[in-house]
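K.L.:
Turn this into a model:
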Amino acid sequence: MGKDGSPKHYSQFDSKRNRMTWILGVSGLCILSYIMGAWKNTPSPNSQSEIFSKVDCNIGSTSAGMSSSSATESSSTNLNFDSHHQIDINNSGGAQEFPSCDMSFSEYTPCQDPVRGRKFDRNMLKYRERHCPAKNELLNCLIPAPPKYKTPFKWPQSRDYAWYDNIPHKELSIEKAIQNWIQVEGDRFRFPGGGTMFPRGADAYIDDINELIPLTSGTIRTAIDTGCGVASWGAYLLRRDILAMSFAPRDTHEAQVQFALERGVPAMIGIMASQRIPYPARAFDMAHCSRCLIPWHKLDGLYLIEVDRVLRPGGYWILSGPPIRWKKYWRGWERTEEDLKQEQDAIEEVAKRICWTKVVEKDDLSIWQKPKNHVGCAQTKQIYKTPHMCQSDNPDMAWYQNMEKCITPLPEVSSADKVAGGALEKWPKRAFAVPPRISSGSIPNIDAEKFEKDNEVWRERIAHYKHLIPLSQGRYRNVMDMNAYLGGFAAALIKYPVWVMNVVPPNSDHDTLGAIYERGFIGTYHDWCEAFSTYPRTYDLIHASNVFGIYQDRCNITHILLEMDRILRPEGTVVFRETVELLVKIKSITDGMKWKSNIMDHESGPFNPEKILVAQKAYWTGEAKEKQN
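P.N.:
From the prediction side, this is the model:
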């Protein structure tokens, strides 16, 4: 009522205003309720460090090096999509528990199995090349660790020591006792750094090389060691910031590559036989052979021609052992002086024919250098008609490709003083300088801008990873990137005491392995439908970014995961990056492989469709499995 006692009248405007106030009020309460609910279920800390501290890192036992506080963290960030996302993927179908393989498979190398290899041609040692099992021969079980397996020594102690129980082979300590390759001391092996041609140790031997060519200036960063033994040469090069790819076949020198990887030194099972070694052209700054027993002078110099393919312009080839310094050693080598002289003369001849220059021969060392370009090689070819220049369009193609008896032509240059393919920065600037293969436009659709962006992406991701896995605790040494792209993952890890095997699938959209080598990192081509050329339990950390998207229509992803389990050490870690649908299926398989895993949001937040799966392989051994049964 009004003051005068008459009824109060509301205007049409007042009616609309009240109705609007009521609507806004209800809407506000709904929004507030939603925000409060979201805040309760998904914490939104104020700082980035708080965000990372709330990620559940409890993917394994605290004894494996995880933070003890992670066991008590909230699990609200561990995402569960089981009932929401399904996708049909080429796998063995349904969740299953994988049994342990028989202990006889403890050191199984599927594609370098000696039993299978004996079925193949011994000519050119073809029987020691890759021969992978057929689909009906693939194992569907988990490779067991030796009964008393221990966590390997941490780097750098691992360079000199390994547990005997991890690789219970004394053959090399007996066969190479005089050369001082390896010694048994109680429950461990010791690696004194000796070698057949460096009795004073690898360190002194490398110092001798350094007096002849510059090893410490940053010019030489990547190296290849053919017939590496236990990789002492590569092990001692690391202190000089030189990263060597060491390889040797699985032969009568039992477990030499396995010893190398147990030491934390880069190595692969491999051999120079009839096929190209799985590295791109112009990859290595230096190549080395210390009594590696490769017949360099035979087959029209085929093997030296292959070294020429993978050697960078201006790179060095170092040879020690037969036939070098034959006048002193011929009696000990149980060969005639004439035979050894003919072999050295033949090697010298091949080197001239492929346009190399002999730098020096001093004591036990002989060193040649590949030219910076092929401008002067034209004159050499007027004298030596063979080998001719290759006509192949792709010298980088090295996955199941036969070697060719022709010289891989270097990219053309504008003048005789230019480096073919482009000069490289010295290490460590080389790691983040734009690789010449990218700046020249030789990799389609990848330019300097994409390269820089990729580096920035991986800096952010590694900053995120260090809160998910113990990167800084020394737990990891041998790291593999299953789909390396431009090597940004390896570059972002450069401050950690790790090395990375950068794998580029031969069926990927871009062949980027050459650019990775130009950055000063190492890697290999590999098709993940097959087993990798390594022993079981040789990697501490495996990174799999968008790998299964490549292979889901090509092969059974269960077998890829079983292969990852084979090469992963007990309590090792795997980081997957895939879409939710793929990660759900991967997790359903790894749950049956004794792995503990969690799916987590992308580092950019929950709205990114790509997620992260962090998994840890459980510790178990063959003996423990047998007792359990």
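
K.L.:
CA atoms for contacts and neighbours, from now on please.
P.N.:
OK.

K.L.:
Might you report the residue contacts of residue 482?
P.N.:
With contacts defined as C-alpha atoms under 8 Å, 6 or more residues apart in numbering, residue 482 is in contact with 502, 503, 504, 542, 543, 544, 545, 547.

K.L.:
quick check: longest strand of the chain.
P.N.:
Residue-count comparison of every strand in the chain, with assignments taken from DSSP state E, identifies strand 568-579 as the longest.

K.L.:
contact partners of that strand?
P.N.:
Contact with strand 568-579 is made by 60, 64, 145, 151, 536-549, 583, 609-620, as judged by C-alpha under 8 Å, 6+ apart.

K.L.:
Report the buried residues of that strand.
P.N.:
Applying a neighbour-count criterion of 16 or more other C-alpha atoms under 10 Å, one finds 568, 569, 570, 571, 572, 573, 574, 575, 576, 577, 578, 579 buried in strand 568-579.

K.L.:
Okay, now the sheet partners of that strand, with direction.
P.N.:
Strand 568-579 has the following strand partners under DSSP bridges: strand 539-545 (parallel), strand 610-617 (antiparallel).

K.L.:
Could you dump those strands into TSV with mean pLDDT added?
P.N.:
TSV is the format used below for the strands paired with strand 568-579 (pLDDT from 0 to 100):
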stretch	mean pLDDT
strand 539-545	98
strand 610-617	98
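
K.L.:
Tabulate those in TSV, adding columns for mean neighbour count and distance to residue 208.
P.N.:
Supplementary listing: those in TSV, determined by neighbours: other C-alpha atoms under 10 Å; distance: least, C-alpha to C-alpha, whole Å:
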stretch	mean neighbour count	distance to residue 208
strand 539-545	23	32
strand 610-617	23	43
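
K.L.:
so which of those gets nearest residue 327?
P.N.:
Between residue 327 and these, the shortest separation by C-alpha to C-alpha is 43.8 Å, and it involves strand 539-545.

K.L.:
Can you pull out the residues in contact with the closest one?
P.N.:
By C-alpha under 8 Å, 6+ apart, the surrounding residues in contact with strand 539-545 are 261, 475-483, 564, 567-569, 572-578.

K.L.:
Next, the buried residues of the following helix or strand past it.
P.N.:
Next along the chain after strand 539-545, taking DSSP states H and E as the criterion, comes helix 548-551. The neighbour-count check on helix 548-551 (16+ other C-alpha under 10 Å) flags 548, 551 as buried.

K.L.:
tell me the domain ranges of the protein?
P.N.:
The record, using the TED database to delimit domains, assigns the chain the ranges 196-381, 428-615.

K.L.:
now do the same end-to-end measure for the shortest one.
P.N.:
Yep, that's domain 196-381 we're talking about. With C-alpha to C-alpha, to the nearest Å as the measure, the ends of domain 196-381 fall 37 Å from one another.

K.L.:
Ok, the longest one next?
P.N.:
The first and final residues of domain 428-615 sit 32 Å from each other (C-alpha to C-alpha).

K.L.:
roughly how far apart are the residue nearest the centre of the chain and residue 136?
P.N.:
Centroid-nearest residue in the chain: residue 501, 1.4 Å away (criterion: C-alpha atoms, centre = their mean). Separation of residue 501 from residue 136 (C-alpha to C-alpha): 29 Å.
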